[in-house]
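S.K.: Predicted model follows, preceded by the sequence.
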Amino acid sequence: MSKTLLKATNIAHTFDYPLFSDINFDLKENESISIVGRSGSGKSTLLHIFSSFIKPNEGKVEFLEKDLYHLKESEVEDIRCNELGIIFQAHYLFKGMKAIENLEIATLLSSQIIDNELLERLEIKETMEQKIGELSGGQQQRVSIARVLSKKPKIIFADEPTGNLDKETANLVMNVLLEYIKENNAGLVLVTHDESMAKLCNKSYRLENRKLEKIKLSSAI
Ligand SMILES: Nc1ncnc2c1ncn2[C@@H]1O[C@H](COP(=O)(O)OP(=O)(O)O)[C@@H](O)[C@H]1O
Ligand SMILES: [Mg+2]
């Protein structure tokens, strides 16, 4: 039996108006799950709730069997540093530094080494000596993904990771993420509005009318 990495039960959240309620979600080792939905439906908020950044109004989030919103701050920090891989749209790279230096910071903090094969697969090996500010948006995006994977996280949360990429590069990034999951017994939660990316995952859900419904995406799209 594969282990449950993330279990969310009866999640509800409201900002100015109720965003969603009764959300249940399970992620196991070796599993990739996509969440699609229209802009404003609450996808990013849900991802922040799953990943320790927003405490939901109701419900429970268990991360590796720990009740995420009842942990000590130091335990949450430890999880964020070692277990969580977060690929959000605003990628916080240090602009004045070289690409390689950005990766070194992440690997130093998590006592890992830089995986050269990963850089080759993401087609950014040649950019390593350049400053982040000199790279294209798509190259920066891939450096930030390499930085996240270099930490060897147990769960990856990705919010529109292919949003700024052309189709070919988007497919390449998706393949790297899915291979990472398999090779490391990890899990992926992918938020996207792009169903052609979403259908590459093992399971898909749609956030609509305040509910999270399981959907079947046709591979003919
Ligand atoms: N920190 C916040 N404070 C108040 N409202 C917010 C906050 N974050 C998101 N919202 C609102 O919640 C709704 C859903 O946002 P979001 O989760 O970003 O949706 P999606 O990612 O599906 O586009 C939007 O109406 C947004 O304005
Ligand atoms: Mg969003």
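M.R.: Happy to help now that I have it. Ligands and ions are numbered 1, 2, ... in the order given.
S.K.: Leaving out chain neighbours, which residue sits closest to the residue most central in space within the chain?
M.R.: Nearest to the mean C-alpha position of the chain, by C-alpha atoms, centre = their mean, lies residue 157 at 1.9 Å. The shortest distance from residue 157 to any non-neighbouring residue, by C-beta to C-beta, 6 or more residues apart in numbering, is to residue 51 (4.5 Å). Where C-beta positions appear, they are placed from N, C-alpha and C, glycine not excepted.
S.K.: cool, residue 121 as well?
M.R.: Among residues not flanking residue 121 along the chain, residue 176 sits closest, at 5.3 Å (C-beta to C-beta, 6+ apart).
S.K.: need the contact list for the one you found.
M.R.: 118, 121-122, 145, 149 (C-beta atoms under 8 Å, 6 or more residues apart in numbering).
S.K.: now swap in residue 100 and tell me
M.R.: With contact set as C-beta under 8 Å, 6+ apart, residue 100 has these partners: 114, 128-129.
S.K.: Select from these the one having the most neighbours.
M.R.: residue 128 (17 neighbours; other C-beta atoms under 10 Å).
S.K.: didn't that residue look like it was pressed against residue 119?
M.R.: Yes - the pair residue 128 / residue 119 is scored as a contact, 6.9 Å apart, by C-beta atoms under 8 Å.
S.K.: longest helix of the chain?
M.R.: helix 167-184 (DSSP state H).
S.K.: Narrow the contacts of residue 100 to those in helices?
M.R.: Among the contacts of residue 100, no member falls in helices (DSSP H).
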